[in-house]
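*Asks:* this one's sequence-less:
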Ligand code: SF4
């Protein structure tokens with residue numbers, strides 16, 4: 001690390017005592033680099049074993065990396081906490097301005113502990129922390145309004161980040177997320193609920209520090225190479241043009257697009273719900289996270305007549321991506337793009353995680369269809385595929401929980417199906433609701449084995465397309481590929497590099513860029529660090545009671561044909577047994 005670099009500063013905040021302190025932790029950053037590598041150590045240090053996720057002792061850790069602010073696309077912040085949804089590792093990544101703001105405020109990581117008795121929000125401006133009263137923001141119907149009010153109160157527009165929760169977080173719904181800069185999210189595993197348990201409405205961060213580099217000339221040279229690769233890359237061009245929504249049509253063609261609670265893997269409405277269709281009819285603007293030349297964030301402009309006045313229209317700006325289109329579109333049988341956008345807007349204003357919400361609603365629709373629940377159970381709400389208006393009503397009921405059924409739904413699909421039955425079609429892995437890929441065995445193994453049960457852990461769907469669909473393969477080969485990918489992604493997440501840039505940040509490029517930031521690490525050393533972080537995450541999961549052998553794969557995935565054909569249950573069993581032996585051996589090695 002370079003002299004004068006404030007990366008090693010960790011800001012510790014106690015919400016109960018309304019106090020804070022800054023500690024220099026160079027050894028922590030030398031060992032873990034930043035991001036995920038540092039966050040998992042801080043989580044293990046600060047979270048007492050067996051801690052209730054809603055206890056004031058559960059820490060919220062934010063960490064960024066040495067390349068943040070220096071190189072393009074090192075734009076993510078890693079959040080770690082004990083998850084109220086899975087009961088073990090909570091990890092979620094978010095872009096927007098969060099990472100650059102934390103780095104330029106003078107920190108590599110922040111640890112927020114304790115709980116306030118009354119609603120507050122934190123304002124971190126450089127080395128000063130303010131505990132602001134948020135009583136008037138608490139309970140506000142619309143998360144966007146709360147953001148607007150904070151924007152008007154705090155300094156540094158354009159460079160600050162505002163991370164905030166909606167009603168879902170306030171009500172501690174275990175799949176509530178945290179929204180930053182209106183359109184980006186720490187969506188998964190319930191960070192919003194942990195904020196809510198601390199009566200923490202928002203965290204604002206701003207700063208304007210300069211960052212040191214080892215050799216300015218060399219730094220500029222590497223910077224230019226990466227910037228050029230990012231703006232000229234064909235893959236990045238696609239992310240810019242259509243965003244991840246470009247995946248809808250290809251996944252539909254290969255039969256990997258989960259539809260109506262994965263009763264099918266092709267959707268007849270894919271054309272109208274495709275990235276091409278949204279870009280052609282609704283695209284209102286594109287945005288980028290700080291220090292990213294790609295700009296893959298797509299915002300639709302939805303113009304609707306305002307019932308209060310004739311010839312009067314309101315325009316809502318609503319972000320969309322592949323995962324929301326899957327979760328609130330194809331999974332619910334919605335082929336009306338405007339209906340989807342209205343539902344998306346509703347979910348966004350409450351602060352629920354879009355993916356979990358879609359999977360929960362899809363399960364509820366099928367449970368009703370099969371007679372496991374009745375319309376009476378649902379308070380006379382009738383959910384049916386494609387009926388976006390009923391789904392909008394259901395989202396409100398998940399937040400408000402007017403009866404036992406919606407209370408159960410608000411606990412996530414694993415929880416609801418444990419009460420009402422239908423676990424064979426409850427699509428969750430390790431307690432986290434499924435991502436949008438039914439490409440073959442690797443997609444599902446990736447979700448089960450990933451440390452945070454996210455498609456972003458190891459991109460199992462890509463393993464399906466690279467090896468499973470092309471040739472005969474073994475359970476062992478798939479698991480090895482998944483773990484190998486997940487271990488390298490730990491390095492990228494420690495540098496907080498956006499995974500869309502993983503083709504640009506090869507091990508050699510990462511090693512060179514780190515040289516500019518004062519870290520001398522070869523590609524081999526980086527690879528061992530990645531492996532270690534992966535096992536440290538698993539060590540935390542095991543410590544908190546996660547047992548791979550007790551986890552289940554939903555029966556539905558074996559019924560519906562995937563892109564790679566029918567998934568074989570024995571094949572999956574062998575893969576899980578092999579994964580257990582790998583993780584067990586690594587755990588034994590770690591504990592020596
Ligand atoms: S590619 Fe997209 S998600 Fe990644 S940093 Fe850029 S704008 Fe953010």
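*Replies:* Okay, I see it. Computed from a prediction, not measured in an experiment: that's the story for all the values here. Numbering: from 1, shown residues only.

*Asks:* which secondary structure element contains residue 250?
*Replies:* If you go by DSSP states H and E, residue 250 is part of helix 248-254.

*Asks:* And the next helix or strand after that helix, what does it pack against?
*Replies:* Going down the chain from helix 248-254, the next helix or strand is helix 275-281, by DSSP H and E. Packed against helix 275-281 by the contact rule (3 or more Cβ pairs under 8 Å, 6 or more residues apart in numbering; DSSP states H and E) you find helix 248-254, strand 297-305, helix 337-350. For every residue, glycine as well, the C-beta is placed using N, CA and C.

*Asks:* which of the residues in helix 275-281 are buried?
*Replies:* 275, 277, 278, 279 (16 or more other Cβ atoms under 10 Å).

*Asks:* which ones are touching residue 362?
*Replies:* Residue 362 sits next to 260, 261, 262, 331, 332, 427 when contact means Cβ atoms under 8 Å, 6 or more residues apart in numbering.

*Asks:* Can you tell me which of those residues comes closest to the ligand?
*Replies:* residue 331 (22.6 Å; Cβ to the nearest ligand atom).

*Asks:* residues touching whichever residue of the stretch 401-550 of the chain sits closest to the ligand, list them.
*Replies:* Here the stretch 401-550 of the chain gets closest to the ligand at one residue, residue 498, 3.2 Å apart by Cβ to the nearest ligand atom. If you count contacts by Cβ under 8 Å, 6+ apart, residue 498 has them with 73, 74, 75, 76, 95, 289, 292.

*Asks:* element containing the spatially closest residue to it that is not a sequence neighbour, please.
*Replies:* Nearest residue to residue 498 in three dimensions, chain neighbours excluded: residue 73, at 4.7 Å (Cβ to Cβ, 6 or more residues apart in numbering). Taking DSSP H and E as the definition, residue 73 sits outside all helices and strands.

*Asks:* Run a quick neighbour tally on residue 73.
*Replies:* 29 (other Cβ atoms under 10 Å).

*Asks:* what's the answer for residue 35, then?
*Replies:* 33.

*Asks:* same check, this time on the one 10 residues further on
*Replies:* The number of residues packed around residue 45, counting by other Cβ under 10 Å, is 11.

*Asks:* ditto for residue 550
*Replies:* For residue 550, using other Cβ under 10 Å, the count is 7.

*Asks:* and what of residue 27?
*Replies:* Look at residue 27: counted by other Cβ under 10 Å, it has 9 neighbours.

*Asks:* Am I right that it is in a helix?
*Replies:* Yes. Residue 27 forms part of a helix when assessed by DSSP: H, G, I helix; E, B strand; the rest coil.

*Asks:* need the residues of the stretch 101-250 of the chain near the ligand, please.
*Replies:* Residues of the stretch 101-250 of the chain lying near the ligand by Cβ under 6 Å from any ligand atom: residue 239.

*Asks:* Apply 8 Å and report the result again.
*Replies:* Listed as neighbours of the ligand in the stretch 101-250 of the chain under the rule Cβ under 8 Å from any ligand atom: 184, 236, 239, 243.

*Asks:* Touching, the second one and residue 230? I think so.
*Replies:* Yes. Counting by Cβ atoms under 8 Å, residue 230 is a contact partner of residue 236 at 5.6 Å.

*Asks:* Burial check on the closest residue to residue 519 other than its chain neighbours, number of neighbours?
*Replies:* In space, and not counting its chain neighbours, residue 519 is closest to residue 66: 6.1 Å by Cβ to Cβ, 6+ apart. Neighbour count for residue 66, taken as other Cβ under 10 Å: 29.

*Asks:* Can you verify residue 66 is assigned to a strand?
*Replies:* No. Under three-state DSSP, residue 66 sits outside any strand and is assigned coil.

*Asks:* now, the most widely separated pair of the residues of the stretch 101-250 of the chain next to the ligand?
*Replies:* The span of those, defined through Cβ to Cβ, is set by 184 and 236 at 18.0 Å.

*Asks:* nearest to residue 62, of the helices and strands packed on helix 275-281?
*Replies:* strand 297-305 (20.5 Å).

*Asks:* anything in the closest one near the ligand?
*Replies:* Yes. Under the criterion of Cβ under 8 Å from any ligand atom, the ligand is reached by strand 297-305 at residue 297.

*Asks:* Partner strands of that strand and their direction?
*Replies:* strand 283-287 (antiparallel), strand 313-320 (antiparallel) (DSSP bridges).

*Asks:* who's in contact with the longest one?
*Replies:* Strand 313-320 has contacts (Cβ under 8 Å, 6+ apart) with 183, 243, 245, 278, 284-285, 297-306, 340-341, 344-345, 348.

*Asks:* Tell me the buried residues in it?
*Replies:* Those would be 316, 318, 319, 320, for strand 313-320 by 16+ other Cβ under 10 Å.

*Asks:* now the following helix or strand past that strand, how far from the centre of its chain.
*Replies:* Next helix or strand after strand 313-320 toward the C-terminus (DSSP H and E): helix 322-328. Helix 322-328 sits 13 Å away from the centroid of its parent chain (Cα atoms, centre = their mean, to the nearest Å).

*Asks:* And stretch 258-268, by the same measure?
*Replies:* 23 Å.

*Asks:* which stretches of the stretch 101-250 of the chain form strands?
*Replies:* Along the stretch 101-250 of the chain, counting by DSSP state E, counting those that start in this stretch, strands occupy 109-113, 120-125, 128-133, 161-164, 178-180, 184-186, 200-206.

*Asks:* Given the first one, what are its sheet partners and their directions?
*Replies:* Sheet pairing for strand 109-113, assigned by DSSP bridges, gives strand 9-14 (parallel), strand 60-63 (antiparallel).

*Asks:* pLDDT on it, on average?
*Replies:* The average pLDDT within strand 109-113 is 98.

*Asks:* What is the three-state secondary structure of the residue lying farthest from the centre of the chain?
*Replies:* Centroid-distance maximum for the chain: residue 310 at 41.0 Å, with Cα atoms, centre = their mean. At residue 310 the chain is in coil, as set by three-state DSSP.

*Asks:* separation between it and residue 561?
*Replies:* 51 Å (Cβ to Cβ, to the nearest Å).

*Asks:* wait, doesn't the residue nearest to residue 519 sit right on residue 520?
*Replies:* No. Taking contacts as Cβ under 8 Å, residue 66 lies outside contact range of residue 520: 12.0 Å.

*Asks:* can you list residues touching both of these two?
*Replies:* Between them, residue 66 and residue 520 share these contacting residues under Cβ under 8 Å, 6+ apart: residue 514.

*Asks:* which bits of the stretch 351-500 of the chain sit near the ligand?
*Replies:* Residues of the stretch 351-500 of the chain lying near the ligand by Cβ under 8 Å from any ligand atom: 498, 499, 500.

*Asks:* Pull out the buried residues from the worst-scoring helix or strand of the chain on mean pLDDT.
*Replies:* Least confident helix or strand of the chain, by mean pLDDT, DSSP states H and E, is helix 569-590 with a mean of 87. For helix 569-590, burial by neighbour count (16+ other Cβ under 10 Å) applies to 572, 574, 575, 576, 578, 579, 582, 583, 586.

*Asks:* Torsion angles phi and psi at the closest residue to the ligand within the stretch 301-450 of the chain?
*Replies:* For the stretch 301-450 of the chain and the ligand, the shortest gap (Cβ to the nearest ligand atom) falls at residue 321, measuring 9.3 Å. Residue 321 adopts backbone torsions of phi -150, psi 180, taken as degrees, to the nearest 10.

*Asks:* Alright, I will stop here.
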